[in-house]
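# With the input below, show me the fold.
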Amino acid sequence: MAKAPRPLAGKVVAITGGARGIGRATASALIAQGARVAIGDIESQLAEQTAAELADGTVGLPLDVTDRESFEAFLTAAEDRLGPLDVLINNAGIMPIGPFVQESDATAKTMVDINLHGVIIGSKLALNRFLPRSKGHLVNIASAAGKAGFPAGATYCATKHAVVGLSESIRAEVRETDIGVSVVMPVVVHTELGDGLPETRGFKAVEPEDVANAIVEAIQFDRFEVYVPKSTKTLFRLKAIVPTRIMEAIALFLKGDQVLANPDHVARAAYEARMAATIAGHEATEVERQKQPV
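Numbering: from 1, shown residues only. As a prediction, the model looks like this:
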């Protein structure tokens, strides 16, 4: 007998990095299921605009996922406006790419702070709300890059591998509760983050709506590992049992080594400019934080 999906009507969902791309598409998909959604984003005005465009009652709030106080304020405001948190989707992330040795330390630190520390902070804050009730659902957005290393994306891949491991560990810790954990691993997605990346034999890009629908299903059916598209699951399961040299040969044949290494920088220019501003802003914020008395 097929498992019945959990109803999402009335559920309170908070989404980080929700003003655009996968976050926005996921908010829309959840709203269609009757969920009440809070969108958090470093671009607070865009978060408010997106919320207003999606549906009445959707909330757009400021959020810096690297700042615990900001994250706590986001979740508190979401609960004040919508009710107790049922689901947190850790979606915020950045992907500057290029040769590893040419990557600045500031770029690496910003990626780790947003892609990993932001997920760690959010997961802790959500679990602090879920554990007393022994229910809730945590969704962490990783990537296919969380299952394999891709040239020109070393630090990005490292952060996504870490998110996969983090999610596995959290799932083991809450196994005796009704708290669900999902880790979502899409290939390249047609969003600004994926602009200018080539499509190859084995890695055809997907739409943000594809990822959003997979997230909805993960919550409804309490699925842990979520591959988008589902066909990539076989490839990564194969990786676990096939010798490394053979998998490297398969990756070369599928041109997986080209996904991040040969971007169209003209098509990617707007995203790269926004990432440069994000990195500079994060570095300045860190300097100011260090000046504050402990």
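# only C-alpha atoms for contact and neighbour calcs from this point on.
Will do.
# Which secondary structure state is assigned to the nearest residue to residue 265 once chain neighbours are set aside?
Distances taken as C-alpha to C-alpha, 6 or more residues apart in numbering put residue 196 closest to residue 265, at 6.4 Å, once the chain neighbours are dropped. Put simply, residue 196 is coil when judged by DSSP: H, G, I helix; E, B strand; the rest coil.
# ok, residue 196 to residue 268 distance?
Per C-alpha to C-alpha, to the nearest Å, residue 196 is found 5 Å from residue 268.
# And residue 287, by the same measure?
Residue 287 is 29 Å from residue 268, by C-alpha to C-alpha.
# The residue nearest to residue 265 contacts residue 266, correct?
Yes. Using C-alpha atoms under 8 Å, residue 196 is in contact with residue 266, at 7.5 Å.
# If you count surrounding residues, which of those two has more?
For the pair residue 196 and residue 266, the greater number of neighbours falls to residue 196 (19 against 10), based on other C-alpha atoms under 10 Å.
# on that earlier part again, quick check on the residue nearest to residue 265: phi, psi?
Backbone torsions for residue 196, taken as degrees, to the nearest 10, come to phi 80, psi 0.
# what do you get for residue 231?
Dihedral angles of residue 231 (phi, psi; degrees, to the nearest 10) stand at phi -60, psi -20.
# Look at it and say how many residues are nearby.
The number of residues packed near residue 231 is 10, by other C-alpha under 10 Å.
# for residue 284, same thing?
Neighbourhood size, residue 284 [other C-alpha under 10 Å]: 11.
# State the distance from it to residue 290.
When residue 284 is compared with residue 290 (using C-alpha to C-alpha), they lie 10 Å apart.
# what's the spacing between residue 83 and residue 282?
The gap separating residue 83 from residue 282 is 31 Å, by C-alpha to C-alpha.
# Which one of these two is surrounded by more residues?
Between residue 83 and residue 282, residue 282 has the larger neighbour count (other C-alpha under 10 Å), namely 20 against 15.
# C-alpha coordinates for the helix or strand containing that one, CSV please?
Taking DSSP states H and E as the criterion, residue 282 maps to helix 269-291. Extracted as CSV, the C-alpha positions of helix 269-291 are listed here (Å, rounded to 0.1, in the frame of the first residue of the first chain):
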residue,chain,number,x,y,z
ALA,A,269,28.8,38.3,-15.3
ALA,A,270,25.8,39.5,-13.3
TYR,A,271,26.1,36.7,-10.8
GLU,A,272,29.9,37.1,-10.5
ALA,A,273,29.5,40.8,-9.8
ARG,A,274,26.9,40.1,-7.1
MET,A,275,29.1,37.5,-5.5
ALA,A,276,32.1,39.9,-5.5
ALA,A,277,29.9,42.4,-3.6
THR,A,278,28.7,39.7,-1.2
ILE,A,279,32.2,38.7,-0.4
ALA,A,280,33.4,42.3,0.1
GLY,A,281,30.4,43.0,2.3
HIS,A,282,30.9,39.8,4.4
GLU,A,283,34.5,40.7,4.9
ALA,A,284,33.7,44.2,6.0
THR,A,285,31.0,42.8,8.4
GLU,A,286,33.5,40.4,9.9
VAL,A,287,35.9,43.2,10.6
GLU,A,288,33.2,45.2,12.4
ARG,A,289,32.2,42.2,14.4
GLN,A,290,35.7,41.7,15.6
LYS,A,291,35.8,45.3,16.8
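# mind listing what residue 107 touches?
Counting by C-alpha atoms under 8 Å, 6 or more residues apart in numbering, residue 107 makes contact with 96, 279.
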